[in-house]
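J.: task: produce atomic coordinates for the following.
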Amino acid sequence: MTNEPSGTSLHLGFDETHTRVVLRTTEHHQPDLVQLAARFRTGGQLGLLSASVALDDFLANLQVLGDWPDPSGVEWSSALRKLATGVLQDARTVETRLAGTGSVGEVDADDVPSLLGDNWKGELSAFQRRDIAKLLSLQHGANFSVPGAGKTRVALAVYAAQKAVGHARRLLVVCPKSAYDSWRFETAECLTHALRVNVLDGSLDQWAEVLVVNYERLDRSLSMLTTWLAAQPSMIILDEAHRMKLGARGTYGAACMALGPHADRRLILTGTPAPNGSKDLENLLGFVWPGHGQQTVVRAVAGGDLRQASTVLRPLFTRTTKQELGLPPVDLGIRYVDMPPLHDEIYSSLVGGMSNGAAREDLSALGKTALRLLMAATSPALLLEGATKYEPLAYQLPPLEIPPGGSLYSKLQNLPDHELSPKYKEAVAIIAENAAAGRKTLVWTTFVRSLTTLERMLGKFSPAVVYGGTPDREEQIRRFRDDPACMVLISNPATLGEGISLHHHCHDAVYVDRDFMAGRFLQSLDRIHRLGLAPDTETRVTVLAVRNSIDEVVAARLEQKLAFMGQILDDPTVQQLADLEEEPSVAAGLAPSDIEALLSHLGGNR
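T.: Predicted coordinates:
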């Protein structure tokens, strides 16, 4: 009979990416390791005496370790033990809250000011203190408050409280470049002695307490950032965290998932946590609570009752709604226009040519098809021009290749001379009407070529223009805010949809087109509808759409996405945005009764 070896029989630790757990054993327990690895869905052998399991899978199924024949011989790396302990503690806290039995260590909102340390001086509203208390009651957390609720300040206060008790000494902030100024401002505004902040544009400041980096830079900075986080007790904050909603399937998400385990505290901030449904939420909460967050979302939405799912998920996040901010409502409507004959013929030909293509199963090709249809619905002339280098990456399409001599080719050649986009006509009419009333207008359009076309058409209103290639972005925004002659700002949500406040100067927005990105739509709406509006402010948003086109598909999909997000967050305001009130168009000169008759006549043509 073989004697049982003494000492470590199973060692558990991270692999070099920190996204998998490596299990190592002795020769005596080699068969046990094979059986153990097989019990994990993602388990696989690395060699005779080692195996690996995906981190999420491992943490979600820790009970499997209970069957190891030598429990006293199981040894954990300190980093993995710390991660697993934190996740399990938060899971127990949440379960206790849901059971209604209270929670040991739960922080009261009234106690928050006393927890922030002697260096804190920033003012906090009642809802901010409530959010901070909830986040401090868990080791890790998520703040899904709407833009304008002060998520940056809340997050900084959470760090200050963690620092005051020695749980964190340095802070890594991952955010879009547009949020840099906000973090610089808040670290100076809220603290008597400003923290040393280093924006990682060049070399690393070894003495910085706060390191700020953008999502684009994460992947190539992973090694340096993991070392920086691990050197001292640290906290990581993902600002506008919806940017990593793809999780391990996306470049940003994979980098964030690899960084997360190196931080002692994890916090995510976004007002749009589920722009495309529950999978986005799974990935976000999976970053905060590996192994627990993702499974909790899956279980919560499995029954299809979103009201019940919201109850289950609510203890995992905090959210301040627009209703709590006391903002006046938005007057939001969708205004349909009809394509003139040649425009309609081109769109129909394009749809016919694409419907029988072989690219139905190719997601990339389908995405390009959708973008070309969005272009065609706005103005078919956009199809004839190639993308500039300033188009957002997702929209960089080459010109549509159309064989000369075909009917579509001849129609496109004649289009610029005969017909102008009805959307452009409508946008100009709305802007002119607003300008006559002394109201500035923010115009959103997806494609840079559409943006520059509108710039020429709106010349008499001294338009400010901001897109990826704008060299003087700050000056353009300043001119829109301060120059009485500048009555319109034209931009695309990919460039200006986050990190800018225009609500003190502009109360009208027009969407010339929209894509399928619900989160970006919500973010862009909040540029002119934020905390600080006077109670009697009238905020008006008009969405332009072409009938019998992809615009209707986009509208239906966004309605479904916004309704889901509103229900899962228990926020009626988001649900209301999904139900746009239809308005009559003004530029076409048609009365409502004319439009109804025309629609009845055209019904079913496409």
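
J.: for the rest of this, base every contact and every neighbour count on C-alpha atoms.
T.: Will do.

J.: where's the most centrally placed residue in the chain relative to Glu189, distance?
T.: Nearest residue to the geometric centre of the chain (C-alpha atoms, centre = their mean): His242, 2.6 Å. Using C-alpha to C-alpha, to the nearest Å, His242 is found at 26 Å from Glu189.

J.: same question, Thr152
T.: With C-alpha to C-alpha as the criterion, Thr152 and Glu189 are 12 Å apart.

J.: who's more crowded, those two?
T.: Thr152 (21 against 16; other C-alpha atoms under 10 Å).

J.: surely that one touches Asp181?
T.: No: using C-alpha atoms under 8 Å, Thr152 is not in contact with Asp181; the gap is 11.0 Å.

J.: do a quick rundown of the strands in the stretch 51-200 of the chain.
T.: For the stretch 51-200 of the chain, applying DSSP state E, counting those that start in this stretch gives strands covering 74-76, 141-143, 170-174, 197-199.

J.: relative to Cys486, which of those is closest?
T.: Closest approach to Cys486 among the strands of the stretch 51-200 of the chain (C-alpha to C-alpha): strand 197-199, 33.0 Å.

J.: burial count for the closest residue in space to Met244 that isn't next to it in sequence?
T.: Leaving aside its sequence neighbours, Met244 sits nearest to Gly253 (C-alpha to C-alpha, 6 or more residues apart in numbering; 4.2 Å). Neighbours of Gly253 under the rule other C-alpha under 10 Å: 24.

J.: contact partners for Gly253?
T.: Arg243, Met244, Lys245, Leu246, Gly247 (C-alpha atoms under 8 Å, 6 or more residues apart in numbering).

J.: what's the pLDDT at Arg130?
T.: Per-residue confidence at Arg130 stands at 96 (pLDDT).

J.: how close does it get to Phe317?
T.: For Arg130 relative to Phe317 (C-alpha to C-alpha), the value is 12 Å.

J.: one more: Leu332?
T.: On the measure of C-alpha to C-alpha, Leu332 and Phe317 end up 28 Å apart.

J.: can you check Ala258 too?
T.: 22 Å.

J.: also Phe480?
T.: 37 Å.

J.: quick one, which of these two is more surrounded?
T.: Phe480 (26 against 21).

J.: is it fair to say Thr542 lies in a strand?
T.: Yes: counting by DSSP: H, G, I helix; E, B strand; the rest coil, Thr542 is found in a strand.

J.: I figured it hits Val510, correct?
T.: Yes: counting by C-alpha under 8 Å, Thr542 touches Val510, with 4.8 Å between them.

J.: would you say Ile431 is within a helix?
T.: Yes: under three-state DSSP, Ile431 sits within a helix.

J.: number of residues surrounding Thr270?
T.: 23.

J.: Ile237 is in contact with that one, correct?
T.: No: contact criterion C-alpha under 8 Å: Thr270 and Ile237 do not qualify, at 10.8 Å.

J.: just give the closest residue to the residue nearest to the centre of the chain, not the sequence neighbours.
T.: Pro273 (5.7 Å).

J.: mind checking how far that neighbour is from Cys190?
T.: For Pro273, the distance to Cys190 - C-alpha to C-alpha - is 27 Å.

J.: in the protein, where's the longest helix?
T.: Longest helix in the chain by number of residues (criterion: DSSP state H): helix 78-99.

J.: give the other helices and strands that that helix contacts.
T.: Identification of packing neighbours for helix 78-99 by 3 or more C-alpha pairs under 8 Å, 6 or more residues apart in numbering; DSSP states H and E yields strand 10-14.

J.: what does the strand it packs on contact?
T.: 20-26, 73-77, 79-80.

J.: ok, which pair from these is furthest apart?
T.: Counting by C-alpha to C-alpha, the most remote pair of those is Thr26 and Ala79, 22.1 Å apart.

J.: from the middle of its chain, how far away would stretch 462-473 be?
T.: 24 Å (C-alpha atoms, centre = their mean, to the nearest Å).

J.: what's the end-to-end length of it?
T.: Stretch 462-473: ends 15 Å apart by C-alpha to C-alpha.

J.: quick one: Leu138 and Leu59, what's the gap?
T.: Distance from Leu138 to Leu59, by C-alpha to C-alpha: 18 Å.

J.: care to break this structure down by domain?
T.: 10-76, 85-320, 330-337+420-602, 341-418 (automatic domain parsing).

J.: mean pLDDT for the ones you listed: which is lowest?
T.: domain 341-418 (a mean of 66).

J.: returning to that earlier point: and the angle for the longest helix of the chain with strand 10-14?
T.: Helix 78-99 runs at 80 degrees relative to strand 10-14, counting by axes from the mean of the first three to the mean of the last three C-alpha atoms, to 10 degrees.

J.: buried residues, helix 78-99. List them.
T.: 79-80, 83-84, 86-88, 90-91, 93-95, 98 (16 or more other C-alpha atoms under 10 Å).

J.: any chance of the residues you listed in CSV, with distance to Arg372 too?
T.: Output for those, formatted as CSV (distance: C-alpha to C-alpha, whole Å):
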residue, distance to Arg372
Ala79, 49
Leu80, 48
Leu83, 46
Ala84, 47
Gly86, 48
Val87, 45
Leu88, 48
Asp90, 47
Ala91, 46
Thr93, 49
Val94, 46
Glu95, 48
Leu98, 48
